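**Q** only geometry, no sequence info:
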């Protein structure tokens, strides 16, 4: 296969390796310190082995070499020669980071940080040498475990072990599964590839071949036993089967030669076990992109480190989509009978047909939206590692609880909510939770708890981050707010207002500034990011008991609940979530500042007025404030009134990006197509307010491209 | 502004339509290609041999001196396997000695070789005589590599083929 051919698989390799590393990280975090968890270590070993195999196939030498070293340590752990304590877990977690960097470097075709890789590799070599009493890092010796070959997606099996590299006669059994030929894996090519490694003799088993009449022409019924005389290593032989995946059971019996590095215990096991496949013991060495990736998919434990352009969709969701489309086709054919005038149809039938169409379109819309939905565990899964690292750095014992990880939300929202959540969790650990001594003194357990919870409520998703720490310090926040002039000296604001002050830019009550938090940067960014997603954030706190941040987010960014408003001949959409109320203006409610900014008095509050027709330079029916309607909108705690001619319907609109289809415009977040085919622009309320506050919205602002 | 937007939308629609036309044309071309490549079975008995189409045939058959002469086409791979199987079954049902000619085979894979092996075993099980008129180098190489040579051997010499081989 040419290098061009292999390059098309790079993306899949990067994606699956990323997922496998996520799985490795989570397994490492779940390993009980100082105790033997054979299953966990085996899982981690398989991940490292798969990545190594893939990296070798694609020629990522640095990744291959590094993973090989990691694999060696893991192999020692599998054989019980190394105990995985906290120190080893830390080292392995660091190796996950290094492998991620190496993958990212390979993916973006940049040079990796070789110094860091070398330093980490040296640490591994030192540990291996000290544990194994060896002076060199050799190829990992596969451990023999009693796993039947038939249970393995790809079983590269052997009956005895070899360090590889020794000349001898290998016995390779190829037992194709029915689909092997259809998947493009041809035993003929495999045997020819083996022939290139050395002298080959082939024995075929045609016992399973059915009569021609019963034969599936695309299935493979023949089995082969290949005797291969070669000096090639096991890895070189395994490379040939790297693409077999689940299409065959491959059993490789190594030549029985003197292997100096074999331990006596392993030789004893090898000799004790009869050489009989598939019941013979197998080595759990697999082709790349097999078990670890699929296992991590099943447990949905992967966490994308960056925004990705692809999505995995469950068959169930696709089936639902296909089913709805099928029903739509039936309805369409029913309705087209009306058009052709065939049959005896009443207008009631047409109405029924149309309402059926409407119902199915809604179902289709929901199904399509569900395709973009992913469980929030994609974001939550990054926290166990973060909490562990941060807790140990700050000398705090933290127990992380996660509930509702399977709650689904739109992929775009999911990718954008990650950073705000990181800020909040870091804040909870740094500011919320007390040190173990303080906790004990307060009569609490020394171990603090951070609870991440997600659930659906009223068409939104709610994410809560709570801790059982000291809670927000009202007095300190008030003092800081008074110091910065945010509230008057004698003012006694409500708890809600005090709590909301932590979202002010540059507001921090931390006495010390660390690299974790305390600079007053973060919470304002959190609120802005969440607002950009169309959500909101609330803080609740009980002194001494803890605090909770509740984030409400829309399930999707593709559809918006909007209020259609008319200004002249143009229709605009105002997001419903921003609208407070719509009122008619009376003369006695108006005033102005310096004859420029018009203000409307709404109860005890003065609200600036934005004349949309002036802002967008269009003709309106009502240029007189008393003839039109004022829609009061709110963003970021601020309110403005937008003057419109008429309120039209409220409806869900599908957002089309202006940036993609036209160009970004200040004050507009997108466009949508209305039922009559007209384009309606969607107002960006925060953008309009910023535009207004910067002066361009007063009286005759010019619409400027962003 | 709205006009500008609509104009942009229109030009996008035109572009999308043009792209769709190109896609459809490509799809039609692919369908035509696929139709041209569809494996065919051509038998002399039907008087169906045509110059130009014979190259696409998976099998051409004829009868001479009471023997079926079965000539395999240029390609004997997974793609042709299903058509080949049906054609061979029809030949087997004629219950006549078969002279197999794989001299024209230029492409073969495991599916093709497996079909030959099954044919040979089936012939033996049904008590039908068969003999190889010849096999191309490609077929010989695949048979050797897959180790199926012994399974394809004709069971002894058969008088029926005298003068045909």
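**A** That came in fine, so what should we check first? Remember, predicted model here, so these are calculated numbers, not experimental data.

**Q** Remind me what the strand ranked longest in chain B packs against, helices and strands.
**A** Counting by DSSP state E, the longest strand found in chain B is strand B:57-64. Packing contacts for strand B:57-64, counted by 3 or more Cβ pairs under 8 Å, 6 or more residues apart in numbering or on different chains; DSSP states H and E, involve strand B:40-43, strand B:67-72, helix B:78-93. For every residue, glycine as well, the C-beta is placed using N, CA and C.

**Q** how about the residues of chain A that lie near chain B?
**A** A:181-182, A:186-188, A:191-192, A:195, A:201-204, A:206, A:209-213, A:215, A:217-218, A:220-222, A:224, A:570, A:616-618, A:661-662, A:671, A:679, A:681, A:703 (Cβ under 8 Å from any Cβ of the partner chain).

**Q** Those in strands, which ones?
**A** Judged by DSSP E, the residues of chain A next to chain B include A:201, A:202, A:203, A:204, A:224, A:570, A:671, A:679, A:681 as members of strands.

**Q** can you list the domains in the chain?
**A** Went with chain A since none was named. Under the assignment automatic domain parsing, the domains of chain A span A:1-140+A:264-293, A:165-261, A:315-371, A:390-554, A:559-693.

**Q** think we crossed wires, I meant chain B
**A** Listed by automatic domain parsing, the domain ranges of chain B are B:1-37, B:51-161.

**Q** Now tell me which of those domains the model trusts least on average.
**A** Ranked on mean pLDDT, the bottom entry among the domains of chain B is domain B:1-37, at a mean of 48.

**Q** one step back: now the ones in strands among the residues of chain A next to chain B in TSV, with pLDDT and neighbour count?
**A** What follows is these, written out as TSV (pLDDT from 0 to 100; neighbours: other Cβ atoms under 10 Å in any protein chain shown):
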residue	pLDDT	neighbour count
A:201	88	11
A:202	90	21
A:203	89	12
A:204	89	22
A:224	93	23
A:570	92	20
A:671	90	23
A:679	90	20
A:681	93	21
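
**Q** where do the strands sit along chain B?
**A** B:40-43, B:57-64, B:67-72, B:75-76, B:98-102, B:107-108, B:130-135.

**Q** Pick the most deeply packed of those.
**A** Mean neighbour count (mean count of other Cβ atoms under 10 Å in any protein chain shown) peaks for strand B:75-76 among these, with a mean of 25.

**Q** So what touches that one?
**A** B:58, B:84, B:102, B:105-109, B:112-113, B:115-116, B:139 (Cβ atoms under 8 Å, 6 or more residues apart in numbering or on different chains).

**Q** Looking at those, which is nearest residue A:431?
**A** Residue A:431 has its nearest neighbour among the contacts of strand B:75-76 in residue B:109, at 66.9 Å by Cβ to Cβ.

**Q** residues touching that closest one, list them.
**A** Counting by Cβ under 8 Å, 6+ apart, residue B:109 has contacts A:181, A:186, A:188, B:76, B:77, B:78, B:142.

**Q** hmm, 6 Å instead?
**A** Applying Cβ atoms under 6 Å, 6 or more residues apart in numbering or on different chains, we find residue B:109 in contact with A:186, A:188, B:77, B:78.

**Q** what's the answer for residue A:48, then?
**A** By Cβ under 6 Å, 6+ apart, the contact set of residue A:48 is A:67, A:70, A:71, A:74.

**Q** Enumerate the positions of whichever strand or helix holds it that are buried.
**A** Remark: residue A:48 resides in helix A:38-58, with elements defined by DSSP states H and E. Taking 16 or more other Cβ atoms under 10 Å in any protein chain shown as the neighbour-count basis, helix A:38-58 is seen to contain the buried residues A:40-58.

**Q** What residues does chain B have near chain A?
**A** B:5, B:8, B:78, B:81-82, B:85, B:89, B:109-111, B:114, B:118, B:122, B:142, B:145-148, B:151 (Cβ under 6 Å from any Cβ of the partner chain).

**Q** before we move on, back to that, any of the residues of chain A next to chain B buried? List them.
**A** A:181, A:186-188, A:191-192, A:202, A:204, A:206, A:209, A:212, A:215, A:217-218, A:220-222, A:224, A:570, A:616, A:662, A:671, A:679, A:681.

**Q** follow-up on the earlier one: among the contacts of residue A:48, which lie within helices?
**A** A:67, A:70, A:71, A:74 (DSSP state H).

**Q** Reformat those residues as TSV; add pLDDT.
**A** Written out in TSV, the entries for those read as follows (pLDDT from 0 to 100):
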residue	pLDDT
A:67	88
A:70	88
A:71	85
A:74	85
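
**Q** Could I have the buried ones of those residues as PyMOL selection syntax?
**A** The PyMOL selection below is limited to those of these classed as buried (16+ other Cβ under 10 Å):
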select buried, chain A and resi 67+70+71+74
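
**Q** would you turn the ones in helices among the contacts of residue A:48 into a markdown table with distance to residue A:657?
**A** A markdown table is the format used below for the ones in helices among the contacts of residue A:48 (distance: Cβ to Cβ, whole Å):
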| residue | distance to residue A:657 |
| --- | --- |
| A:67 | 41 |
| A:70 | 43 |
| A:71 | 45 |
| A:74 | 46 |
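
**Q** Going by distance to residue A:473, which of the ones in helices among the contacts of residue A:48 wins?
**A** For the ones in helices among the contacts of residue A:48, the residue nearest residue A:473 by Cβ to Cβ is residue A:70; the value is 44.9 Å.

**Q** from memory that closest one sits against residue A:95, does it?
**A** Yes: applying Cβ atoms under 6 Å, one finds residue A:70 in contact with residue A:95, separated by 4.9 Å.

**Q** State the pLDDT value of the closest residue to residue A:589 other than its chain neighbours.
**A** Take residue A:589 and drop its neighbours on the chain: the residue closest to it by Cβ to Cβ, 6 or more residues apart in numbering or on different chains is residue A:601, 4.7 Å away. You'll see residue A:601 listed with a pLDDT of 86.

**Q** Partner strands of the host helix or strand of residue A:601, with direction?
**A** Assigned by DSSP H and E, residue A:601 belongs to strand A:597-602. Here strand A:597-602 is paired, per DSSP bridges, with strand A:590-593 (antiparallel), strand A:605-611 (antiparallel).

**Q** what's in contact with the last one?
**A** Translated: strand A:605-611. In contact with strand A:605-611 (Cβ under 6 Å, 6+ apart) are residues A:597, A:598, A:599, A:600, A:639, A:640, A:641, A:642, A:643, A:692, A:697.

**Q** This completes my enquiry, with thanks.
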